[in-house]
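[1] Give me the fold of what follows.
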Amino acid sequence: MGQLLLAFGLNFGMNSVTLIQVPGDPDGFLSADQPNWLIAATSLGGMLGGLMGAPVAIPEGCVRGYVSEIVPPKRRALFSALSNFMICLGQVLVVAVAPLLHWQVLFIVVGVVPAALCLSGLLFLPNSAKWLLSGGHSEEEAVRSIQFFRGTQVDAAAEVCSIHDSLQHAHADGAALPMWTLLRQPGTWRPLSLVFIQMVLLPWCGSSTLMLITAFVLASVRLPLSEYQRAMLPAALAAVVSVPGGMIIERYGRLPVLRLGGVLSAIGCAAVAAYFFLAPESHKRLGWIVLAGAGLTQVAVVGMLANVAFNYVTELLPNKTRALGANIVLVVLNLNVFVLLKLYPLIRDGIGLGGGFVIHSLVSLCQVFFATFCLKETKGLSLEQIQHLF
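    Next comes the predicted model:
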C-alpha cells in the first residue's frame, strides 16, 4: 500500500527538480510564472483524486483508511508514520537520480512506475474486515481477512462482534442509511470537523514551505552542497525522523506529542523569520540560524504534527464513513497546500520570507491551543472505542 504514498513523494520531489532544471533548460518552454503552476498541479491532482476516490480511484484517503483498519490498535501511529516515511523516501529518491536524468524523462518514470507497482500489489490484498461487514459481506469473509493480517491466534470473532456493534448507527429499520445522511450525524460530523481544522493548520506550520520551496528558503545558506543535495535536505531529514516519531507517539500519546510539536515548530519558524529580518551583510555569517530553525521545524512537523494528524484522519472517523471522510479531509489538505503555493509569491513580495515564517510560527501556536482544548486522546483505543467517544 506504500506504493501510492511513494508516488506522492516522487511527485513532491519533482517540484524541486522542476525549480532546478527548468530555468536552465535551453529547450525550456515555461514562462517565469508557470513553474509555480506546475508545482501547484501536484496538489490539484491530489484534490481530484480525493474527489474521485469514493467511486473509482485509489487515493491517499483510501490507502490510509485501509491501513488503519488492518493493523492492531497499538500500532496505528507507527504504521501512519511508515506511510509518511514512504512520501519522504519518494522525494529523496527522485532528487537523488535527478542529476542523471532529464526532468521530462523523470516525469514519465514518476507517472508510470509507482502506479504499475500499486496495481500489481492490489492483486494480493483482501478487503479489510470493517469494509466487508459495512458492505453486507459475510462474517466468514471478515474472519478470513483478520486472520490473513494477524494470524489465526487472534480472536477474530470478538473483533467481528465489535465491528457489528459500531455499524448499528448506520442502519434504520434494517436498511442502510445513505452516505450523506451518515456524514451529517454527530458521530461523523464532529470528528470530521476536528480533523478538517487539523488539516487546515498543518500545511501552515512551516514544513510544507520547507519541503516545497526549499531552493528559496535555503538559497542564502552557504552549504558545501549542490542544488540537488540542498533540495534533498528537508526530505532526507523528514525520512529520518518519521518512524521514530511514530514510536514516540505510541509511547506517550497523541496530544502530548501534538503540543510539543507545535511549540518546537513555533520556535523553529521564529528562528527562520529572525534570520530573514537580519541585515543582508550578516546572512553569510549567521546562516546557521536559518538552518537550525528549518531543521527544528522539520523535526517538529514531520516527526510529530504530521504523524498525529494523518493518524487522526482515519482513526477518528466511524467505520462506515471512514474512507469517504478521509478523502474529504485530504481534499481539504491538498486545497490548503495549493493555496499556500499560490499565495507564497505574494507573501514573499509583500512581507518577505521572514514575514511568511512569522505566520507559520503563529499558526504553530494555534496548533498547541487546538491540541490542548479540542482534540481527544486515542492512544491504545480500538477504532470502535474511538467511535464511542463521539
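[2] Could you list the low-confidence segments of the stretch 201-350 of the chain?
    211-223, 283 (pLDDT under 70).
[3] Sketch out the helices for it, chain order is fine.
    Remark: helices assigned in the stretch 201-350 of the chain by DSSP state H, counting those that start in this stretch are 207-212, 214-217, 227-252, 254-277, 287-300, 307-315, 322-373.
[4] ditto for the stretch 51-200 of the chain
    Assigned by DSSP H, counting those that start in this stretch, the stretch 51-200 of the chain shows helices spanning 60-70, 76-97, 103-121, 129-134, 139-150, 156-166, 179-183, 186-201.
[5] Report all helices and strands that the fourth one contacts.
    Spelled out, it's helix 129-134. Judged by 3 or more C-beta pairs under 8 Å, 6 or more residues apart in numbering; DSSP states H and E, the packing partners of helix 129-134 are helix 60-70, helix 139-150, helix 156-166. (C-beta placed from N, C-alpha, C; glycine too.)
[6] winner for burial among the ones you listed?
    The highest average neighbour count among these, using mean count of other C-beta atoms under 10 Å, belongs to helix 60-70 at a mean of 24.
[7] Next, the angle from it to helix 76-97.
    140 degrees (axes from the mean of the first three to the mean of the last three C-alpha atoms, to 10 degrees).
[8] Can you name every helix or strand that helix 60-70 contacts?
    Against helix 60-70 (3+ C-beta pairs under 8 Å, 6+ apart) you get helix 2-21, helix 34-52, helix 76-97, helix 129-134, helix 307-315, helix 322-373.
[9] Let's see that with 10 Å instead.
    With contacts taken as 3 or more C-beta pairs under 10 Å, 6 or more residues apart in numbering; DSSP states H and E, helix 60-70 sits against helix 2-21, helix 34-52, helix 76-97, helix 129-134, helix 139-150, helix 307-315, helix 322-373.
[10] Kindly reformat the helices of the stretch 201-350 of the chain as JSON lines containing mean neighbour count and distance to E141.
    Formatted as JSON lines, the helices of the stretch 201-350 of the chain follow (neighbours: other C-beta atoms under 10 Å; distance: least, C-beta to C-beta, whole Å):
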{"stretch": "helix 207-212", "mean neighbour count": "26", "distance to E141": "40"}
{"stretch": "helix 214-217", "mean neighbour count": "20", "distance to E141": "47"}
{"stretch": "helix 227-252", "mean neighbour count": "20", "distance to E141": "30"}
{"stretch": "helix 254-277", "mean neighbour count": "22", "distance to E141": "32"}
{"stretch": "helix 287-300", "mean neighbour count": "21", "distance to E141": "43"}
{"stretch": "helix 307-315", "mean neighbour count": "27", "distance to E141": "22"}
{"stretch": "helix 322-373", "mean neighbour count": "19", "distance to E141": "18"}
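[11] Cool, thanks, signing off.
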